[in-house]
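Engineer: Just need the structure, nothing else, for what follows:
(one chain, ligands or ions: 1)
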Amino acid sequence: MQTTMLYMEDNYIRSFDAKIISKGENYVVLNQTAFYPEGGGQECDTGTLSYNDKILTVSKVRRESGEVKHFIFEIDQIPEISTSVKCALDWDRRFTHMRYHTAIHVLSTYMKSHFNSECVGNNISTRNGRADFNLQEALTEEQLKQIEKGVNDVINKNLPVKINFLPREDAIKFLEEKGYQTDYIAMVPPSVKTFRVISVNDYDHASCAGTHVTNTSEIGKIKVIKRRSMGKGKERVTLSLD
Ligand SMILES: [Zn+2]
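Structural biologist: Presented below is the predicted three-dimensional model:
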């Protein structure tokens, strides 16, 4: 039995009921979850899992060998299979990830349209959001200021962010039509028939399994806190939320 990933359709589920379907020495697998497992550059959610009068700590969530494992700190209190549990996310942590993740999507389209540069990697944590771009020349202080202003101008338009599920071929076609590079999604195993496409109004579109806000107004103001050369035509831009 597979875990239903509740956050794929709804990024605002903070608490939910679930059943233990499998367990290990230090983890449980649930029939459904709103916890985001580490992946796609985004750190995992953390929170609590309760049953009877016990409140356990979910310290890490990871996808391993086809299972979504919720690692429990109190390993001596892990409930039995079939136990009904109540789960709650550390919402401050998750909401920060959502704000950074959508901001990084806006940044990547900004970099594409103003610097003709593709995003080649990203990382989203509670500390910051960063993205790497293929750029032959180092970004100057002035350009970083321009990027900060440009991204904030887009965010300030209060753009709606939508999640759409498209059949694989349609998703690739759609992204190509919008001018995106689709080599990386064409590499996704053919068994994946449906793609989740995140659209920041008509400004940015991306195939992404991460968690996002529903309107850019929720991001607030971003700051470009630093750039770093990653060597060989790669520049890292790091964002901080104000
Ligand atoms: Zn993403």
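Engineer: What pLDDT does the model give whichever residue of the chain sits closest to the ion?
Structural biologist: Closest residue of the chain to the ion, C-beta to the ion: Cys208 (3.2 Å). (Each C-beta comes from the backbone N, C-alpha and C, glycine too.) Cys208 is assigned 94 on the pLDDT scale.
Engineer: Begin at 693, not 1, for the rest of this chat.
Structural biologist: Yes, from this point I'll number from 693; that puts the last item at Cys900.
Engineer: How is the spatially closest residue to it that is not a sequence neighbour assigned, secondary-structure-wise?
Structural biologist: Of all residues not flanking Cys900 in the chain, Ile890 sits nearest, at 4.7 Å (C-beta to C-beta, 6 or more residues apart in numbering). What DSSP: H, G, I helix; E, B strand; the rest coil gives for Ile890 is strand.
Engineer: could you measure Ile890 against Ser757, distance?
Structural biologist: 27 Å (C-beta to C-beta, to the nearest Å).
Engineer: So for these two, which residue has more residues nearby?
Structural biologist: Ile890 (21 against 5; other C-beta atoms under 10 Å).
Engineer: Contact partners for that one?
Structural biologist: Residues in contact with Ile890 (C-beta atoms under 8 Å, 6 or more residues apart in numbering) are 794, 797, 853-855, 896-900, 902, 904.
Engineer: Considering those residues, which possesses the most neighbours?
Structural biologist: Going by other C-beta under 10 Å, Thr794 tops the contacts of Ile890 with 29 neighbours.
Engineer: Check for me that that one belongs to a helix.
Structural biologist: Yes - counting by three-state DSSP, one finds Thr794 located in a helix.
Engineer: was I right about it contacting Ile911?
Structural biologist: Yes - with contact defined as C-beta atoms under 8 Å, Thr794 counts as touching Ile911 (5.9 Å).
Engineer: residues bridging contact with these two, i.e. touching both?
Structural biologist: Contacts common to Thr794 and Ile911, judged by C-beta under 8 Å, 6+ apart, are Val905.
Engineer: Per-residue pLDDT of the residue nearest to Cys900, please?
Structural biologist: At Ile890, pLDDT is 97.
Engineer: how far away is the closest residue to Met803 other than its chain neighbours from Leu799?
Structural biologist: Distances taken as C-beta to C-beta, 6+ apart put Ser809 closest to Met803, at 4.8 Å, once the chain neighbours are dropped. Distance of Ser809 to Leu799, computed by C-beta to C-beta: 11 Å.
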